[in-house]
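*Asks:* Give me coordinates for this.
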Amino acid sequence: MQKTSIDGEWTLVKLRDRPLAKGTHPADLHINRSEMSIHGSGGCNKYFGKIENLTEDQILFGRIGATRMACMDEHVEDEYLLMLDLVRAYKLSGEQLALMDDRGHTLAVMARKIEDKSAPNPRIYDMWSATHIEGEEIQAEGRPTLEINLSEMRVGGNNGCNHYMGEIKEITGKKLILGTLAGTMMLCPDMTLANAYDKAIDRVRSYQIEGLTLRLYDEGHTEVLRYKKAENP
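*Replies:* Numbering: from 1, shown residues only. Below you'll find the predicted structure:
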């Protein structure tokens, strides 16, 4: 039986036995065995480095460099990058990678990113009305909306206050990557819903349709938005 390779892209799902908190930008790791190098995102900044030693169960990273952008969203970058300095071993189990210290203690668990080349689900081409943000049901009136146009590769809608629009950069049967969204700049008496929606839709990386429900997920496959099919006017 062919052994699973450590080569490829991995997404952080646990850090020191703790699942990532809701709303956290997950870190990722790209391992290139042939070039003995790594790179990825800490959840905010890009990082890069060399692999000094790599065997069937041991791995040692060299000094890691990173960009220094200031980010406002929740992330675990500092702890994640410190963790990489402690890694001395690893274990592959199916599509999961455990990174361990020199005593065999698990420091992090990562899941393999699997490339998806399937065609977009045609049912996503519709009008949707938001029902949940970050798992919390929307109680306010004037719920946000989302219109997905596959023929023009565009999205549009209302965030509960302002209209927005933008491009679809990539879409498959599971993946959904949006470009930068532009919108009107009207100030409403309460911007709580609009701000929460804007923050959530910016993190969308994949989707799933079940019946008349559309769920949008972030990089770590945590649900950030849920919609129901909008009723025809």
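*Asks:* Return the backbone torsion pair for residue 60.
*Replies:* Note on residue 60: its backbone torsions stand at phi -140, psi 120 [degrees, to the nearest 10].
*Asks:* Sorry, wrong one. I was asking about residue 61.
*Replies:* phi -90, psi 150.
*Asks:* Please apply the same query to residue 134.
*Replies:* phi 50, psi 40.
*Asks:* can you check residue 85 too?
*Replies:* Dihedral angles (degrees, to the nearest 10) for residue 85: phi -70, psi -20.
*Asks:* if I pick it, what's in contact with it?
*Replies:* Shown in contact with residue 85 (CB atoms under 8 Å, 6 or more residues apart in numbering): 61, 64. Just so you know, the C-beta spots here come from the backbone N, C-alpha and C atoms, and that holds for glycine as well.
*Asks:* Can you list the neighbours in contact with the helix or strand residue 157 falls within?
*Replies:* Assessed by DSSP states H and E, residue 157 sits inside strand 154-158. Residues outside strand 154-158 that contact it (CB under 8 Å, 6+ apart) are 128, 142, 144-149, 163-168, 178, 181.
*Asks:* Direction included, what does the helix or strand bottoming out on mean pLDDT in the chain pair against?
*Replies:* In the chain, no helix or strand scores lower on mean pLDDT, DSSP states H and E than strand 18-19, which sits at a mean of 84. Strand 18-19 sits in its sheet next to strand 8-15 (antiparallel), going by DSSP bridges.
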